[in-house]
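**Student:** Sharing a model that was predicted from the sequence below.
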Amino acid sequence: MGSFSIWHWLIVLVIVMLVFGTKKLRNIGQDLGGAVKGFKDGMKTSEESKEQANEQIPQGAATAEKTVDVQAKDVK
């Protein structure tokens, strides 16, 4: 009962095409594709800016932020 056959999906597709029209569906597809492309480009520029920021930080400064100064005591 929970699964749909291919015929159910084809009927739904035909109804959607009749309601919205092919031109509107094409525009929705182009908008969605543009949004996905913009998201991917944003992720690439974000990764590139992180890499550039890591290259600009001196090696000693990067490790100094991660180290913690502690004083060890011998317990007898």
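**Tutor:** Sure, I can see it.
**Student:** Against which helices or strands is the helix or strand harbouring residue 23 packed?
**Tutor:** Secondary structure assignment for residue 23, by DSSP states H and E: helix 22-56. Contact partners of helix 22-56 among helices and strands, from 3 or more Cβ pairs under 8 Å, 6 or more residues apart in numbering; DSSP states H and E: helix 6-20. Heads up, the C-betas are built off the backbone N, CA and C, glycines and all.
**Student:** follow-up on the earlier one: quick one: the helix holding residue 23 to helix 6-20, angle?
**Tutor:** Angle of helix 22-56 versus helix 6-20, following axes from the mean of the first three to the mean of the last three Cα atoms, to 10 degrees, is 100 degrees.
**Student:** So which bits of helix 22-56 are buried?
**Tutor:** Under the neighbour-count criterion of 16 or more other Cβ atoms under 10 Å, helix 22-56 has nothing buried.
**Student:** now it: how far from the chain's centre is it?
**Tutor:** 9 Å (Cα atoms, centre = their mean, to the nearest Å).
**Student:** Please report how far residue 39 lies from residue 66.
**Tutor:** 31 Å (Cβ to Cβ, to the nearest Å).
**Student:** again with residue 36
**Tutor:** From residue 36 to residue 66 the distance is 36 Å (Cβ to Cβ).
**Student:** got it, and residue 15?
**Tutor:** From residue 15 over to residue 66 (counting by Cβ to Cβ), the distance is 59 Å.
**Student:** the more surrounded of these two?
**Tutor:** Shown here are residue 15 and residue 66; by other Cβ atoms under 10 Å, residue 15 has more neighbours (10 against 6).
**Student:** show me where pLDDT drops low in this structure?
**Tutor:** 1-2, 56-65 (pLDDT under 70).
**Student:** Centroid-wise, who is the farthest residue in it?
**Tutor:** residue 76 (54.7 Å; Cα atoms, centre = their mean).
**Student:** Look up how far residue 70 lies from it.
**Tutor:** Distance, residue 76 to residue 70, by Cβ to Cβ: 19 Å.
**Student:** do the same with residue 22
**Tutor:** Taking Cβ to Cβ, one finds residue 22 at 69 Å from residue 70.
**Student:** show me the contacts for residue 13.
**Tutor:** Neighbour list for residue 13: empty [criterion: Cβ atoms under 8 Å, 6 or more residues apart in numbering].
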